[in-house]
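S.K.: Build me a structure from this.
(chains A and B)
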Amino acid sequence: MAANRVSAVVLKLIKELKNKGSLCGETHVQKTMYFLQEIEGVNSGFDFMIYKHGPYSFDLRDTLASLRANGIIVLVPQRYPFGPSVALTETGEALLREYSVQLEADVPKIEHIARVLGEKEVVDLERLGTALYVSKTNGIGSDFESLANEITRLKPHISRERAMDALKQVNEVNPVP
Amino acid sequence: MRKFRHEVKDPIHAFVQFDDDERKIINSRPFQRLRFIHQLSLSFLVYPGATHRRFEHSLGVMELAGRVFDVITNPRKISDEVRSLLSPFVDLNDPNHLEQWRKTLRIAALCHDLGHLPFSHAGEDKLLPVGWDHERMTRKIIEEGEIADILKSNKIPAIKPELVAKLAIGPKKANDLEFNDWETLLSEIIVGDAFGVDRMDYLLRDSHHSGLVHGKFDHYRLVDTLRICTPPAESETGDKSKEPSLGVEQGGLLTSEALLLSRYFMYSQVYFHPVTKIYDLHLADFMVDNMKGQKFSVDAFEFVKTTDNEVMANIFVAAGDKLIPGHKHAKRIIERDHLRVLYERYPRDIRINKDAVQIVYKAAVEKYSEQLVRYFLMPAKGAPADFLVYQNDDRVDRALNMSQVIAHIPTPEKEVVYVDSSIRNDATEWLEKERNRLIGK
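M.R.: Sure thing, here's the model as predicted:
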């Protein structure tokens, strides 16, 4: 496989999420990577669109597939009702060590996002991710009312109240100083 | 008496049925062209039976899409929660409304492969302008070509080309469009990772024609057990995501395992077969040289004028004439003088050195020359098979939590170093001697 810095960023994110107590399923990785890109400016080159549970990147999905195919990550089944968790293998840990210098500048940013979002559940990440996506695509300065309308239009199962709450939370997520 | 329903015999589905409207699409030039586009490119040079075309595959996808639609919209399978969640987009109680969606879905399924170049995937990245692929071309043909004309000219009432295109190519390739939950479900029926009927049909059909029996699975059972599910709550409060997706009833879990195993076997033995892959590369090289660097037109009417037939005729002529651009590649195909496998990814080597294949490639280039050595990566793609399973006690869980088989099916990825046949023996001996030094012990 073509191991690269982007794969290492994904691995580091998975590791930090787990350190912060995240269940770290694929949805957790998808949404937190979106925050890492949009809030912290860590450029992974993944294109995100509104799809499964909010912002979703098919490129990231394929990167995770390739990492699995190469025995760098594994999916670990969980007890009901939780979805499977993504975990680094020994090979994954070794790869991460190999890229430690190249990742140096990104580590505080990854740790910050993991700290802020690590304990969130899928349902929270769906709302927060969608709120960030809507804020970015409609302009950060747009008023919460219209942004909340947009969230409920895109994801009708998210209530307006929850959409407003998600926008407020997202507004408070700042890049690492 | 005039018939309003039509049917054709099919080796996979027994019969494929279609109505007058669907027949208008089938009889169009873009669709008839698919009779002359091989489903598996030049794989017939390895599996002689694999000469089937995208035409019958597309009919099969339409047939399966209709069957899946009927199953998942069966009132007995729709929970109140799902009915309510989808109510902003579709009235699941209205048979006329559903029939309109069913027809849109079937036409989208029928059209999903219209934008394939001659010999399908081979050379797609080299022969279309930058930013184009077969999905984008499919969309253009549906929205602007003869198909659009048929749909728009009220020959097929109230089915919008844009919606057909959207469902046909799905969110991955139509990422400039928004998909609501219902449209997401419908596109999942066609191009979904877990239960997409495109995949179901190509696995069954490619298996049938190539003669690889382990590509088969019980698709009747699988289709009958599909169901729209919502994920279980993942918190103490019962708070949960309510996004519906295509899942399977517990009774279909074994068949789902069989589908995923079939996929693994077919990728390992057909789609990532190193010889079929190298023929694809020779074919792409031929087309690039033979077209003197020009690209295929992306005009919806112009594009559909070329098929495998014209390309194959050019290959035969070029193979016998040194002066024709692409001669050496054509000769490789006609005389079966393809590049040979020197080394491919070997799990034990990868554990020792994750870059083993690239290291061998670079060393081989240094030893021989870039002209005689080639590296090719067939990357893993797709989501893990983590679909929802509706259990007999009405609980919903994830397949990866329930199935040891699904949790352990490897994700196919292949990496190969090829060499010219003239140096094959020498290169094999060289690698045998150098292997430990290059890769490690």
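S.K.: Would you point out which residue is most central in chain A?
M.R.: With distances taken as Cα atoms, centre = their mean, A:Thr32 lies nearest the centre of chain A, 1.6 Å away.
S.K.: Now that residue: which helix or strand?
M.R.: helix A:26-38 (DSSP states H and E).
S.K.: Show me where chain A dips below the pLDDT cut-off.
M.R.: Along chain A, the parts satisfying pLDDT under 70 run over A:1-3, A:140-141.
S.K.: same thing with chain B?
M.R.: B:1-3, B:155, B:157, B:234-240.
S.K.: ok, now with 80
M.R.: In the predicted model, chain B carries pLDDT under 80 at residues B:1-4, B:154-158, B:233-241, B:351, B:381-385, B:441.
S.K.: Grab the most central residue of it for me.
M.R.: B:Arg199 (6.0 Å).
S.K.: Would you agree that one falls within a helix?
M.R.: Yes - using DSSP: H, G, I helix; E, B strand; the rest coil, the assignment for B:Arg199 is a helix.
S.K.: Look up how far B:His112 lies from it.
M.R.: 11 Å (Cβ to Cβ, to the nearest Å). In short, each C-beta sits where N, CA and C put it, glycine included.
S.K.: Check B:Cys229 too.
M.R.: Applying Cβ to Cβ to B:Cys229 and B:His112 gives a distance of 24 Å.
S.K.: B:Arg205 now?
M.R.: Distance, B:Arg205 to B:His112, using Cβ to Cβ: 14 Å.
S.K.: Give me every residue in chain A lying close to chain B.
M.R.: A:1-3, A:23, A:26, A:47, A:49-53, A:58, A:61-62, A:64-66, A:68-71, A:75, A:77-84, A:91, A:95, A:121-123, A:126, A:154-157 (Cβ under 8 Å from any Cβ of the partner chain).
S.K.: give me the element the closest residue to B:Tyr267 other than its chain neighbours is part of.
M.R.: Leaving aside its sequence neighbours, B:Tyr267 sits nearest to B:Pro412 (Cβ to Cβ, 6 or more residues apart in numbering or on different chains; 3.8 Å). Counting by DSSP H and E, no helix or strand carries B:Pro412.
S.K.: ok, B:Pro412 touching B:Tyr264?
M.R.: Yes - at 6.1 Å, B:Pro412 counts as touching B:Tyr264 under the criterion of Cβ atoms under 8 Å.
S.K.: B:Glu415: what secondary structure?
M.R.: strand.
S.K.: tell me the helices in the stretch 101-250 of chain B, going along the chain?
M.R.: B:124-127, B:134-144, B:146-152, B:161-173, B:181-191, B:197-210, B:219-224 (DSSP state H, counting those that start in this stretch).
S.K.: Would you mark the buried spots in the shortest one?
M.R.: The reference is to helix B:124-127. Neighbour counts over helix B:124-127 (16 or more other Cβ atoms under 10 Å in any protein chain shown) mark B:124, B:127 as buried.
S.K.: before we move on, what about the last one?
M.R.: Taking 16+ other Cβ under 10 Å as the basis for neighbour counts, the residues of helix B:219-224 that come out buried are B:219, B:222-224.
S.K.: Widest-spaced pair of the residues you listed?
M.R.: B:His219 and B:Asp224 (9.4 Å; Cβ to Cβ).
S.K.: residue ranges for the strands of the chain, please.
M.R.: Defaulting to chain A. In chain A, the strands defined using DSSP state E lie at A:49-51, A:54-56, A:73-76, A:85-88.
S.K.: Oops, wrong one, chain B.
M.R.: Counting by DSSP E, the strands of chain B are B:5-10, B:14-19, B:226-229, B:245-249, B:340-344, B:373-378, B:388-390, B:396-398, B:414-419.
S.K.: right, and the ones you listed - which one's nearest chain A?
M.R.: strand B:396-398 (5.0 Å; Cβ to the nearest Cβ).
S.K.: does any part of that closest one sit near chain A?
M.R.: Yes - counting by Cβ under 8 Å from any Cβ, chain A is contacted by strand B:396-398 at B:397-398.
S.K.: Okay, the nearest residue to B:Leu372 once chain neighbours are set aside and B:Pro231: tell me how far apart.
M.R.: Closest residue to B:Leu372 apart from its sequence neighbours, by Cβ to Cβ, 6+ apart: B:Asp420 at 4.3 Å. Distance, B:Asp420 to B:Pro231, by Cβ to Cβ: 53 Å.
S.K.: Neighbour count for those two, which is higher?
M.R.: B:Pro231 (22 against 19; other Cβ atoms under 10 Å in any protein chain shown).
S.K.: quick one: the more buried one and B:Asp386 touch, right?
M.R.: No - with contacts counted by Cβ under 8 Å, B:Pro231 stays clear of B:Asp386, the gap being 10.3 Å.
S.K.: Tell me how far the residue nearest to B:Glu434 when sequence neighbours are not counted lies from B:Leu339.
M.R.: Leaving aside its sequence neighbours, B:Glu434 sits nearest to B:Ala363 (Cβ to Cβ, 6+ apart; 6.7 Å). From B:Ala363 across to B:Leu339, the span is 17 Å (Cβ to Cβ).
S.K.: And these two? Which one has more around it.
M.R.: Counted by other Cβ under 10 Å, B:Ala363 and B:Leu339 do not tie: B:Leu339 has more neighbours, with 24 against 18.
S.K.: Tell me which residues touch the closest residue to the more buried one other than its chain neighbours, please.
M.R.: Spatial nearest neighbour of B:Leu339, excluding adjacent residues (Cβ to Cβ, 6+ apart): B:Tyr418 at 3.7 Å. B:Tyr418 is in contact with B:274, B:278, B:339-342, B:373-376, counting by Cβ atoms under 8 Å, 6 or more residues apart in numbering or on different chains.
S.K.: and which of those residues is nearest to B:Met137?
M.R.: Among the contacts of B:Tyr418, and counting by Cβ to Cβ, the member closest to B:Met137 is B:Phe376, at 24.0 Å.
S.K.: In this structure the closest one contacts B:Glu415, no?
M.R.: Yes - applying Cβ under 8 Å, one finds B:Phe376 in contact with B:Glu415, separated by 7.4 Å.
S.K.: So the two - more neighbours on which side?
M.R.: The neighbour comparison of B:Phe376 against B:Glu415 (other Cβ under 10 Å) goes to B:Glu415, with 23 against 19.
S.K.: quick one: contacts for the more buried one?
M.R.: By Cβ under 8 Å, 6+ apart, the neighbours of B:Glu415 are A:1, B:344-345, B:357-358, B:375-378.
S.K.: Among these, which one lies nearest to B:Gly252?
M.R.: Taking Cβ to Cβ as the measure, B:Gly252 lies nearest B:Met378 of those, at 29.6 Å.
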